[in-house]
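Participant: Need a 3D model of the following:
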Amino acid sequence: MICKIRKWVLVDAADLAAALSNRKVQDNLRDGLPYPYTEQDGADFISAMLSVDENETFAFAITADGRVVGSIGVFRQGNIHRRTAELGYYIAEGYWGKGIMTEAVKQVCGYVFEKSDIIRIYAEPFVYNTASCRVLEKAGFQCEGTLRKNAVKNGKVIDMKMYSLLKEEI
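Facilitator: Numbering: from 1, shown residues only. Next up is the predicted model:
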């Protein structure tokens, strides 16, 4: 195993701040994260994740080399989509291209499918984020299509891909 997912602890805030105070990382994420990302921002995020309903939000730190190198979460949707969940993740730039994120995605999906009634996990990476698309493909997700002009990021209207993994596919 090249990485491990585990529950957050408050002392992870410094590693979290280091990973997210990077424009290249934030350019692949949704808006709303402060830049620069401080240790206090990390502590606030971790506190929020420690207080969530664990059957609705599955939030984990990704660890490698004895430290936190990223974050991964699966978020249950509502109403008719209550057995579907959205996957989100990021990893510090220094750990890109090492297979860590693919392993973390496999671990979190296995955990969610085993511990909950979720039957479908999906992710929506930006089309230009080919590395993230490849992570999903290597983790067994299928590309369902392109969501055309689905987001505005850094002032540009962009397409996103829709990937999914079903419980019976793992």
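Participant: Pop out the phi and psi values for the spatially closest residue to residue 46 that is not a sequence neighbour.
Facilitator: Closest residue to residue 46 apart from its sequence neighbours, by C-beta to C-beta, 6 or more residues apart in numbering: residue 8 at 4.5 Å. For the C-beta atoms, the positions are set from N, CA and C on the backbone; glycine is no exception. The phi and psi torsions at residue 8 (degrees, to the nearest 10) take the values phi -70, psi 150.
Participant: Tell me where the protein has strands.
Facilitator: 4-6, 57-64, 67-76, 84-91, 120-123, 142-153, 156-166 (DSSP state E).
Participant: I'd like the mean pLDDT over the shortest one, please.
Facilitator: Spelled out, it's strand 4-6. Averaged over strand 4-6, pLDDT sits at 98.
Participant: Can you list the buried residues in it?
Facilitator: The neighbour-count check on strand 4-6 (16 or more other C-beta atoms under 10 Å) flags residue 5 as buried.
Participant: cool, and the last one?
Facilitator: Applying a neighbour-count criterion of 16+ other C-beta under 10 Å, one finds 158, 160, 161, 162, 163, 164, 165 buried in strand 156-166.
Participant: ditto for the longest one
Facilitator: With burial defined by 16+ other C-beta under 10 Å, the residues of strand 142-153 counted as buried are residue 153.
Participant: quick thing: my sequence starts at 38, can you match it?
Facilitator: Sure, I'll start counting at 38 from here, so that last one is strand 179-190.
Participant: For that strand, name the packing helices and strands.
Facilitator: Strand 179-190 sits against helix 167-175, strand 193-203, with contacts defined as 3 or more C-beta pairs under 8 Å, 6 or more residues apart in numbering; DSSP states H and E.
Participant: With the fifth one instead?
Facilitator: The elements that strand 157-160 packs onto, with contact taken as 3+ C-beta pairs under 8 Å, 6+ apart, are strand 121-128, helix 137-152, strand 193-203.
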